[in-house]
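**Q** Attaching a predicted model along with its sequence, questions to come.
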Amino acid sequence: TGHDWGYGVEDGPSLWHQNYPIAKGSRQSPIDILPQTASHDPSLGPIALKYDQCTSINIANNGHSVVVEFEDSDDRSVIQGGPLDNPYRLKQFHFHWGGKGCRGSEHTVEGHSYASELHLVHWNAVKYETFGEAATAPDGLAVLGIFLEGSVTDFKSFNPKCLLPSSLHYWTYLGSLTTPPLHESVTWIVLKEPIAVSEKQMSKFRMLLFTGEEEDQRMRMENNFRPPQPLKGRKVRSSN
Ligand SMILES: NS(=O)(=O)/N=C1/NCCO1
Ligand SMILES: [Zn+2]
């Protein structure tokens, strides 16, 4: 029941193509970002985040991550500017992390992984009626990726505004969802500066459980990240 995919040996990222052939597509995510190769594009303006009136609805363990859902019936929480032609509405945020140490992020920077990666998922409500419809359109989604690295500071609350680093410099490229159905509908915006989370907070993520096939099979939820995918000729652009 539930999803036909996971991060284990029997259902992990290398097998997803069996049920989701687009896994071998031409704009898959995540990728390994090479800062020297990213072309600096002066036409790329700053990204603007309006999360002040954000209204979270719930926080849930969906078996693959911990997800915080938002009210998306109006434009109270949007991202715009940068590579985006329209404002995109905040739908949810979730995390990917590793079992220990500094593996756990999905995007990597010159092969360097971070302990975790936060994804703020937004959809183009100007062009599409629902998140589901936007999720299958090439310009339907915009995901803001933020690296988390272990540090001794304590973790702030879940208000996305206070989760942001001081600099909003970013890399951007056209990619996909990193979890099935892997739709190639995402404009990725990955911030260059990581935010610091405490080891205590990281250990809390690691305590979240995957739901096993049999409810009594409580498997540990960790290493819920897809490895980098082929660039296939795509260009990664850099804000200033
Ligand atoms: N890891 S990801 O690309 O943000 N994947 C998803 N799936 C549903 C919403 O975001
Ligand atoms: Zn994600």
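**A** Yep, it's here. Ligands and ions are numbered 1, 2, ... in the order given.

**Q** list the contacts for S203?
**A** For S203, no contacting residues are found, by CB atoms under 8 Å, 6 or more residues apart in numbering. No exception for glycine: its C-beta is placed from N, CA and C like everyone else's.

**Q** in this structure, which helix has the most residues?
**A** helix 199-207 (DSSP state H).

**Q** With just CA atoms, put it into PDB.
**A** Below are the C-alpha coordinates for helix 199-207, written out as PDB (Å, rounded to 0.1, in the frame of the first residue of the first chain):
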ATOM      1  CA  GLU A 199      23.600  17.800  15.700                       C
ATOM      2  CA  LYS A 200      20.700  17.400  18.100                       C
ATOM      3  CA  GLN A 201      18.300  18.600  15.400                       C
ATOM      4  CA  MET A 202      19.900  16.300  12.800                       C
ATOM      5  CA  SER A 203      19.500  13.400  15.200                       C
ATOM      6  CA  LYS A 204      15.800  14.200  15.600                       C
ATOM      7  CA  PHE A 205      15.400  13.800  11.800                       C
ATOM      8  CA  ARG A 206      17.200  10.400  12.000                       C
ATOM      9  CA  MET A 207      14.800   9.200  14.600                       C
END
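
**Q** chain center to that helix, what's the gap?
**A** Chain-centre distance of helix 199-207: 18 Å, with CA atoms, centre = their mean, to the nearest Å.

**Q** next one: stretch 16-34
**A** 14 Å.

**Q** Equivalent analysis for stretch 130-143, please.
**A** Put simply, stretch 130-143 sits 14 Å off its chain's centre (CA atoms, centre = their mean).

**Q** Can you give me the first-to-last residue distance of it?
**A** Start-to-end span of stretch 130-143 (CA to CA, to the nearest Å) is 16 Å.

**Q** Close to ligand 1: what parts of this protein are there?
**A** By the rule CB under 6 Å from any ligand atom, the part of the chain lying against ligand 1 is H119, V121, V143, L177, T178, T179.

**Q** Make JSON lines from the residues you listed and add neighbour count to it.
**A** Listed next are those as JSON lines, based on neighbours: other CB atoms under 10 Å:
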{"residue": "H119", "neighbour count": "23"}
{"residue": "V121", "neighbour count": "22"}
{"residue": "V143", "neighbour count": "24"}
{"residue": "L177", "neighbour count": "21"}
{"residue": "T178", "neighbour count": "26"}
{"residue": "T179", "neighbour count": "25"}
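
**Q** so can I have a markdown table of those residues showing pLDDT?
**A** Shown next, in a markdown table, are the residues of the chain next to ligand 1 (pLDDT from 0 to 100):
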| residue | pLDDT |
| --- | --- |
| H119 | 96 |
| V121 | 98 |
| V143 | 98 |
| L177 | 98 |
| T178 | 98 |
| T179 | 98 |
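
**Q** mind listing which of these are in helices?
**A** Going by DSSP H, the helices hold none of the residues of the chain next to ligand 1.
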